[in-house]
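Trainee: Generate a structure from the sequence data that follows.
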Amino acid sequence: MKQAKWLLLMAVGILVMLPGCKQMNPVVNPDVRVAVVDLTIGTWPIMANSAPQTQIGTATFYWEYDHFDPSLPPGPNGNGQFVDLKFGVKYETYSGYPISYAHLNISTVQPTGKGSPGLYNFNSYLQTSLPSYTAIFLIPETTLMAVPDSGWDCGDYLWFLCEVSSGGISGMVGDFHNPEQGAWWNDLYTQITNPAPPDNPEPPEYREETAWGYNIADQSHWFWALGRTYKWGGVMPYTLGRSPATFDLWAGAGQNDPSKGKIVGTVTITDNVTGGVGQVFVHYVLTDGCLASEAHAGADKDLASLSKKSNKFAPGKLGVNGYYSPWDDDFTLALDYNPDWTNSFVVAAHAIVEIPVPTAPTSQQTTGE
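Mentor: Numbers count the residues shown, from 1 in each chain. Presented below is the predicted three-dimensional model:
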């Protein structure tokens, strides 16, 4: 069974160490998927008003991910094996202080003032509905790596403005500043390190789906354009020499219904054809931990011609086949160009896709040193 984990971060600033190893009930919030929490390290108080400040709640930083897959490449920042990795910031306020607004700003440069909380640069990543006593921001790791000024890499320090509003009271996290002119504010300077891999990661579970690369909204290129006796799916129009053409890779979209399917990646078509000689390249990129165990691609001048050649789009008869062990998430099939296709033709791209099975919510979470 796969595990989803929250791994809290070590930080510089106001830090409360949680002793020992204990069990506690998870925070129940209808707007956020409940996850297993592991290796809790610290929290920071949310302090309200000018000096002397009063604590009205806590803020917690953590990593959240769906599961750990050691078969994946480490990626540009060493975190590629954590599937759906997100940096989380959670505000929790005490009774009597419901959060009406929550704001978050992250930078590599120290703030010179409170600024306008409504314009903080990570406000759009708020996941919870307000008012509430809990506000959670979830930021994809790739977005954190593009944090303004100079970007984040593992071990870098970041500046945070964490602000909540409750009934006209403003609360912030970190060191207090009270200039002679201008509004008071608190800011937090924190080192963000990569999450630690689990000691004994359990292999993820997968379900198998068939997938086709096509524009699901373009009915003229559905297989169904040739009749309802055909399967769901479609082809991708392409013209030689044009810019790369990219299409969604849809898995399990029965009856060409997007609500029944899932986008598991993209298919991009390019070519190097010159003077009627060359190849057409069909490049698959799978996302969200999905992998392909096999793929098939083919092309012809139009939908009917490709159907006839492949016996109604039978994947193994499209033209070029690929089989992957271990499963792969980034690969290319090359088709030898046939001048009979003309300059504008259609391409069919099929894959057998292995999709990670979501982890069921658990009834408890663990904490530790």
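Trainee: Figure out how far stretch 297-317 is from the centre of its chain.
Mentor: When distances are taken as C-alpha atoms, centre = their mean, to the nearest Å, stretch 297-317 is centred 34 Å away from the chain's centroid.
Trainee: Check which helices and strands the helix or strand that contains Met172 sits against.
Mentor: Using DSSP states H and E, Met172 sits in strand 169-173. Other elements packing on strand 169-173 under the criterion 3 or more C-beta pairs under 8 Å, 6 or more residues apart in numbering; DSSP states H and E are strand 42-48, strand 54-65, strand 157-166, strand 185-191. In short, each C-beta sits where N, CA and C put it, glycine included.
Trainee: Would you mind writing the CA trace of the first one as PDB?
Mentor: Taking Å, rounded to 0.1, in the frame of the first residue of the first chain, the C-alpha atoms of strand 42-48 are listed here in PDB:
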ATOM      1  CA  GLY A  42       8.100  22.100  14.700                       C
ATOM      2  CA  THR A  43       5.500  24.800  14.700                       C
ATOM      3  CA  TRP A  44       5.600  28.600  14.900                       C
ATOM      4  CA  PRO A  45       3.100  30.800  16.900                       C
ATOM      5  CA  ILE A  46       0.800  33.200  15.100                       C
ATOM      6  CA  MET A  47       1.100  36.500  17.000                       C
ATOM      7  CA  ALA A  48      -1.500  39.200  16.800                       C
END
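Trainee: which other helices and strands contact that strand?
Mentor: Contacts defined by 3+ C-beta pairs under 8 Å, 6+ apart place strand 42-48 against strand 16-17, strand 54-65, strand 157-166, strand 169-173.
Trainee: which neighbours does it have in its sheet, and in what orientation?
Mentor: Here strand 42-48 has these sheet partners by DSSP bridges: strand 16-17 (antiparallel), strand 54-65 (antiparallel), strand 169-173 (antiparallel).
Trainee: buried set for the longest helix anywhere in the chain?
Mentor: Longest helix in the chain, counting residues (DSSP state H): helix 303-309. For helix 303-309, the neighbour count (16 or more other C-beta atoms under 10 Å) marks 303, 306-307 as buried.
Trainee: worst average pLDDT in the helices and strands packed on strand 169-173?
Mentor: Per-stretch mean pLDDT for the helices and strands packed on strand 169-173 is lowest at strand 42-48 (a mean of 88).
Trainee: what angle sits between the helix or strand harbouring Phe137 and strand 157-166?
Mentor: According to DSSP H and E, Phe137 maps onto strand 134-140. Here strand 134-140 points in a direction 150 degrees away from that of strand 157-166 (axes from the mean of the first three to the mean of the last three C-alpha atoms, to 10 degrees).
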